[in-house]
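Novice: I would like to see how this sequence folds:
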Amino acid sequence: MPQLLDELVEEVFLRLPPDDPAALVRASLASKPWLALLTGPAFRGRYREFHGAPPMLGFLYSRADGSGHKGDPAPRLVSTSKFGARIPDFASTDPDFDLIAWDCRHGRVLLGDASLSPRPLVVWDPMTGCTQQLVGLDCFNGIAVLCAVSGCDHHSCHAGPFKTVGVGVDISEDGERVARVFVSSPDIGDWSKLDTDEWEEPCLGLDLSADAFICSMQAVLINDALHFKLGYYDDYDHVRILKYSLTSDSLSLIDVPFAAHADIVMVMKDGSLGLAHVDSRLTLYVWSRQVDSNGVASWTHGRVVDLKNLIPIKNPKRRPRLIGSVEGRDIIFVNTDVGVYQIDLKTLECKELMKG
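Specialist: Prediction:
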């Protein structure tokens, strides 16, 4: 049988599915030339370009009561592909941790234990199982982890430098509520070393309304800026967005002019800021914030989806809950009384991720 040309072999390997990484591993073990081809930067670049955005490998969840699992310090990972995460290397050695998942981005997972003071934080690399423990602050209401390399394409930076950004609401000397931000960029020379570097406060605080609070949900990253959802005790339908710019080290507020209690903040496929909400009639509404050539921003009403005709719902009186999204993919996750479902907002394709 004649041997295939290297160019044809590469074209075959390019079409191996990205949600089955074992296929590439098995191919690389077949011969040294194939190993050199599959591990070379040229093929990796072509593979990413051919398949586009990487697939979702799984999702993390903690118990419904908000706690972690004693004796099992890592939140549960539900795999949606053939990927098997490496268990954190502290899991069998430190039973005192009771961690929940707070954030996940750029190949890293941020875990934290809110029951201890000061709050311990753990940055976990699920690809390698390596972790780095940080000393957190007690004033955080929201926190995010992200790659610290400027200009990175974030395709394989999970073992590189990272930073954590925490935001909280403080009471000033005048009794006013002030949003504050803290940033930590630890040295990752030794993943097992407890890092005690002080957190920096890179900018002045931002005055908020007396009833404002930062919602306990994942922040979203858009154009080097983190966005956190703000709620108000006196008006639960009132929503604003707290924005922290990583380039200018500044805090600002984004108004939401319509009265809708948004369930989640998300990044739309076009890179714009989005909001999504499910009402009592089981209807899903999506808005996106567009900025024109003059820098003027406006909110646009997007998809309106009847979830009753899209996903299984046993008890219509129990409203489905939006629990997250994939940044930049127009994909959201919905928790119903039947299970957890993934919905593509463009195609309205639905996929069951977990029963119960």
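
Novice: which stretches of the stretch 151-300 of the chain form strands?
Specialist: In the stretch 151-300 of the chain, the strands defined using DSSP state E, counting those that start in this stretch lie at 162-171, 177-184, 206-208, 212-214, 220-221, 225-232, 240-245, 250-255, 264-267, 273-278, 283-291, 297-306.

Novice: Now do the domain split for the protein, please.
Specialist: According to automatic domain parsing, the chain is divided into the following domains: 1-52, 56-209, 263-356.

Novice: Minimum distance to residue 242: which of the ones you listed has it?
Specialist: The closest of those to residue 242 is domain 56-209. By CB to CB, the value is 5.8 Å. Heads up, the C-betas are built off the backbone N, CA and C, glycines and all.

Novice: gap between the two ends of that closest one?
Specialist: Length of domain 56-209, first residue to last, CA to CA, to the nearest Å: 38 Å.

Novice: Any stretches of the protein with poor pLDDT?
Specialist: In the predicted model, the chain carries pLDDT under 70 at residues 1-4, 53-54, 62-75, 87-97, 187-197, 258-261.

Novice: what about the residue at minimal distance from the centre of it, which helix or strand?
Specialist: If you average the C-alpha coordinates of the chain and look for the closest C-alpha using CA atoms, centre = their mean, you land on residue 104, 4.1 Å from that point. Using DSSP states H and E, the element containing residue 104 is strand 100-105.

Novice: for residue 12, same thing?
Specialist: For residue 12, the host element (DSSP H and E) is helix 6-14.

Novice: now the domains of the chain in TSV, with distance to residue 249?
Specialist: Listed next are these as TSV, based on distance: least, CB to CB, whole Å:
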stretch	distance to residue 249
domain 1-52	31
domain 56-209	4
domain 263-356	20
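
Novice: Which of those sits closest to residue 255?
Specialist: domain 263-356 (9.0 Å).

Novice: so where do the helices sit in the protein?
Specialist: For the chain, helices defined by DSSP state H occupy the ranges 6-14, 21-28, 32-39, 41-51.

Novice: Format those as CSV; extra columns: distance to residue 113.
Specialist: What follows is the helices of the chain, written out as CSV (distance: least, CB to CB, whole Å):
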stretch, distance to residue 113
helix 6-14, 43
helix 21-28, 31
helix 32-39, 38
helix 41-51, 35
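
Novice: Just tell me which of the ones you listed ends up closest to residue 180.
Specialist: Of all those, the one in closest proximity to residue 180, counting by CB to CB, is helix 41-51 (37.6 Å).

Novice: The closest one: which residues count as buried?
Specialist: By neighbour count, and taking 16 or more other CB atoms under 10 Å as the criterion, the buried residues in helix 41-51 are 43, 47.

Novice: Alpha carbons only: can I get that helix in PDB?
Specialist: The C-alpha atoms that make up helix 41-51 are tabulated as PDB, following Å, rounded to 0.1, in the frame of the first residue of the first chain:
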ATOM      1  CA  PRO A  41       3.500  24.700  16.400                       C
ATOM      2  CA  ALA A  42       2.500  24.700  12.700                       C
ATOM      3  CA  PHE A  43      -0.100  21.900  13.100                       C
ATOM      4  CA  ARG A  44      -1.400  23.200  16.400                       C
ATOM      5  CA  GLY A  45      -2.000  26.600  14.800                       C
ATOM      6  CA  ARG A  46      -3.700  25.100  11.800                       C
ATOM      7  CA  TYR A  47      -5.900  22.800  14.000                       C
ATOM      8  CA  ARG A  48      -7.100  25.800  16.100                       C
ATOM      9  CA  GLU A  49      -7.800  27.800  12.900                       C
ATOM     10  CA  PHE A  50      -9.700  24.900  11.200                       C
ATOM     11  CA  HIS A  51     -12.000  24.100  14.200                       C
END
